[in-house]
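Colleague: model this:
(chains A and B)
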2 protein chains.
Amino acid sequence: MRHEFPVTKTTTPKAKPDSDTLAFGNRFTDHMFLMDYSQERGWYDGRIVPYGPICLDPAASVFHYGQELFEGLKAYKTSAGNVQLFRPEKNEERTKRGCERICIPPLPDGIMVEAVKALVDVERDWIPDKPNTSLYIRPFIIATEPFLGVRDAYNYMFIVILSPVGPYYKEGLSPTRIFVEDKYVRSVKGGTGEVKVGGNYAVGLRSEKNAHEKGYAQVLWLDGIERRYVEEIGTSNAFFVIDGEVVTAPLTGTILPGITRDSVMTLLRSWGITVSERRLSIEDLYEAHRAGRLSEVFASGTAAVISPVGELCWGDKQMIINEKCIGTLSQKLYDELTGIQYGRIEDRFGWITKVE
Amino acid sequence: MRHEFPVTKTTTPKAKPDSDTLAFGNRFTDHMFLMDYSQERGWYDGRIVPYGPICLDPAASVFHYGQELFEGLKAYKTSAGNVQLFRPEKNEERTKRGCERICIPPLPDGIMVEAVKALVDVERDWIPDKPNTSLYIRPFIIATEPFLGVRDAYNYMFIVILSPVGPYYKEGLSPTRIFVEDKYVRSVKGGTGEVKVGGNYAVGLRSEKNAHEKGYAQVLWLDGIERRYVEEIGTSNAFFVIDGEVVTAPLTGTILPGITRDSVMTLLRSWGITVSERRLSIEDLYEAHRAGRLSEVFASGTAAVISPVGELCWGDKQMIINEKCIGTLSQKLYDELTGIQYGRIEDRFGWITKVE
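Modeller: Now for the predicted structure:
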C-alpha cells in the first residue's frame, strides 16, 4: 500500500538549527502531518501542511478527559546520506493497541508508517547529520469533539510533528542516579500502563520532580500492588544484570512494551546471553547487589537508547552499580543499536525501513 | 478579596437554546474566562473574552502527557431570579490538591471562585430557569508549553467555560443498571485517582463503552489491588444502604472526594442516619443483598446529583435493588440537595454562594 498525501509547502521556512547545539524536543520542522476523524467519514484528509497551531474548541475532550496517545521514533541519516527509520511498524502496532484501550477509532493499516515516511521525506533537509543526532518523530492522536459528557469522542485528529534532536547525553553515555519510588505508583494491572496514553505521563511528573530535587535523574517504579517488584525507570524499560542473566519486568499489563526493550532482548539472545522477563523484587535486587552479583543496571528507550544506571537509592540503602562506570553490556548494546540505526552495522533482523 | 477582570464582549452573540431541549455539555455560552501562567510572571492576565478556539502549538504538553485537570459545578437560578453556586470553595480546594499532585503551579487563592463568579455574572442571561436546568461550569487547567521532554510544563492556561444544561434524567429520577467491572481498574493508591486529572477519565472509557454495549448505564469499579472492594460508580461516588447504615468507600487515595459525596454524608448525619466510610467487599454486598439487608444503592455527583441504582450485575449474579424503584433516602437526598441548590430550602450549612 502506498498513500499519496497532498503537500502544502510553507512560504516562510525557518532557519535550521546548528547541529552542535540541538537539545531534545524544543525545535520543530517546517511541516506537519494532519488527518481528521469523524463518525461519518472515518479517518480522512491525510495531508502535509505548514507547521502551526492546532485550534480546538475549549470543550474539546482532549483538554478534559485525557483521551490522547502518542508514539516516539526517530529518523537517522547514514554516512552515505540515506534516511532510515527503526522498526516503525512496531509503533503502528502499539498505537493500534492503545486506540483499542482508550476507545480511539483505529487508524487504517499502514497509515502511520506512510504518514511518517511522507513527512520525513518532505523534511529530509532537517535531519541533522552530526554523530548521534537524529530527527525525532512524534505521531499522536487527540480527541477533538467539543462535548463535556464523559464518553469516547466522536472526532479526532492524528498529527505527526518532527523535532531535530542532539545526542541525549551531551558528554556521551553517563551512568545516572536513580531513586526507588516508594510513595507514588505509575500503573496497575487493568489500567493503561501498557499503552502510551497521556495519563501515564502526568501520573509520574510529581515523582520525577521530587527525584530531581533530591539530585536523582529519575525514579525506579515498583509495582502498584505489592510495592516490591521493579517495573520501569522513569519513562523507560529497566534491565538488571545478575550473575550474567539479564532480567527485565514481564509484560503483564503494567509496563510499556518498549520497542527498544524488544530490540535489546533480541540482541542479547543473539549473543547467547540469557534474558528473563520475570518479576524481580527490590529486596532480591538489593541482596544481589550486596552479594556482588548485580553487575549492571540500565534503562532502554527511544530517546536515550541505552541509559546506564550508576546508583540506586532505596530508602536509606544505596546501591552503587559497577563502580558508577558504564557496563560492558550497556556499552555493547548502545553501540550495536545505534550502529544499526545509523547504518554502520548490518541490519540482520530486518529492523530498518528506508525513506526513499 | 475581590478581583476585577477585564471583559471583552462578543460582537456576535449566539441565540440561546430552548430550555426544554437542553442536554448535557454540548452548548456553550458567549464568553469564557482565560488566565495564563509563565515561570517569569506566575498566573497573570485573568480576563473574560468571547468564547472561541484555544490555539496551541502541536507540541503543547497537554496533547501528549495529560497534564490537565478540571472541575465541575453549577450555577442555579432561584425562583426569585437570584443566581447561586453550591460550595464553589470546595472545587477550589480540590484543584489545589490536584495541581500539587501533577505539578501544576497553584492558582492564587480565591481566583477560581472569583473567576467563576465574574463569568457567571457576565452570562447571567444564559442561566436557564426551567425546573432542574442549570448552568454547568467547567474550570480547567492545561499545560501549554511546546516541549516534548517529559517533565512538568513551564506554561499553562486556566480556562472557565459555561454550558446551559437540562435535567440529567429527562423523565426524572430513574434507577440505572450497573455492571460490576472485573477486568479493568480505574485507580490504585499512589496514582491520581483522588484528583480530577484527565487520565482518570480516559482509563474508564473502554469499561463504560463495554457496559453500554451490554445495556448497562455505568460500571461499579472495584479496588485495583484485591479487586474486591467497591469504589466508584462510573465517574460518581457510590453509596450502599445496608441495615439502615449508609456505607461509602473511604478516602484512601483511590476515589474522588466528591463535593456531592461530602454533602450527602452531612445531610444524612444531620438526619440522625449512620454513615460509614469503610471498605465494603462485593462479596459482602452480595450477601447483604441475598439476606434482604441491602435496601438502596445510589451514586452522587455534580451532574446528576443523586442517581439511584436499580440493578447490579456481578459476573453471573444479578442484584435487583429495591425492586428497581427509587429508594426513600435517594429521593430525600435528591430533593434536599436540589432544594438547597435552587434556594427552595434553607441553606443551613452555609453551602450557597450568591452571584451578586
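Colleague: what bits of the stretch 101-250 of chain A have low per-residue confidence?
Modeller: Low-confidence segments of the stretch 101-250 of chain A, defined by pLDDT under 70: none present.
Colleague: in chain A, which residue sits nearest chain B?
Modeller: Distances from chain A to chain B, computed as C-beta to the nearest C-beta, single out residue A:199 as the nearest residue at 1.8 Å. C-beta coordinates here come from the backbone N, C-alpha and C atoms, glycine included.
Colleague: and the residue nearest to that residue when sequence neighbours are not counted, what is it in contact with?
Modeller: Excluding its sequence neighbours, the residue lying closest to residue A:199 (C-beta to C-beta, 6 or more residues apart in numbering or on different chains) is residue B:199, at 1.8 Å. Shown in contact with residue B:199 (C-beta atoms under 8 Å, 6 or more residues apart in numbering or on different chains): A:66, A:192, A:197-200, A:202-203, B:66, B:192.
Colleague: regarding residue A:332, what is its secondary structure?
Modeller: Secondary structure assignment for residue A:332 (DSSP: H, G, I helix; E, B strand; the rest coil): helix.
Colleague: burial of it, as a residue count?
Modeller: Counted with other C-beta atoms under 10 Å in any protein chain shown, the neighbours of residue A:332 add up to 15.
Colleague: give the contact list for it.
Modeller: Residue A:332 makes contact with no residue, according to C-beta under 8 Å, 6+ apart.
Colleague: I'd assumed residue A:94 was in a helix, is it?
Modeller: Yes - secondary structure of residue A:94 (three-state DSSP): part of a helix.
Colleague: quick one: contacts for it?
Modeller: With contacts taken as C-beta under 8 Å, 6+ apart, residue A:94 has the following neighbours: A:71, A:195-196, A:257, A:259.
Colleague: same deal with residue A:136?
Modeller: Shown in contact with residue A:136 (C-beta under 8 Å, 6+ apart): A:24-25, A:72-74, A:162-165, A:303, B:148.
Colleague: ok so, going back, which one of the contacts of residue B:199 sits closest to residue A:3?
Modeller: Using C-beta to C-beta, residue A:197 is the member of the contacts of residue B:199 that lies nearest residue A:3, at 25.9 Å.
Colleague: now do the closest one against residue B:30, distance only.
Modeller: 34 Å (C-beta to C-beta, to the nearest Å).
Colleague: check residue A:117 too.
Modeller: According to C-beta to C-beta, residue A:117 stands 45 Å off from residue B:30.
Colleague: on that earlier part again, let's have the contacts of residue A:94 in CSV, adding secondary structure and neighbour count.
Modeller: Rendered in CSV, the data for those read as follows (DSSP: H, G, I helix; E, B strand; the rest coil; neighbours: other C-beta atoms under 10 Å in any protein chain shown):
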residue, secondary structure, neighbour count
A:71, coil, 22
A:195, coil, 22
A:196, coil, 23
A:257, coil, 15
A:259, helix, 24
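Colleague: quick one: the strands in the stretch 51-200 of chain A?
Modeller: A:54-56, A:68-70, A:73-77, A:83-86, A:134-143, A:156-165, A:176-180 (DSSP state E, counting those that start in this stretch).
Colleague: make TSV from these and add distance to residue B:234 to it.
Modeller: Putting these into TSV (distance: least, C-beta to C-beta, whole Å) gives the following:
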stretch	distance to residue B:234
strand A:54-56	25
strand A:68-70	21
strand A:73-77	36
strand A:83-86	41
strand A:134-143	18
strand A:156-165	23
strand A:176-180	35
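Colleague: which stretch among those strands comes nearest residue A:19?
Modeller: Using C-beta to C-beta and comparing these, the one that lies nearest residue A:19 is strand A:156-165, at 7.7 Å.
Colleague: quick check, the closest one touching chain B?
Modeller: Yes - in terms of C-beta under 8 Å from any C-beta of the partner chain, part of strand A:156-165 sits within range of chain B, namely A:159, A:161, A:163.
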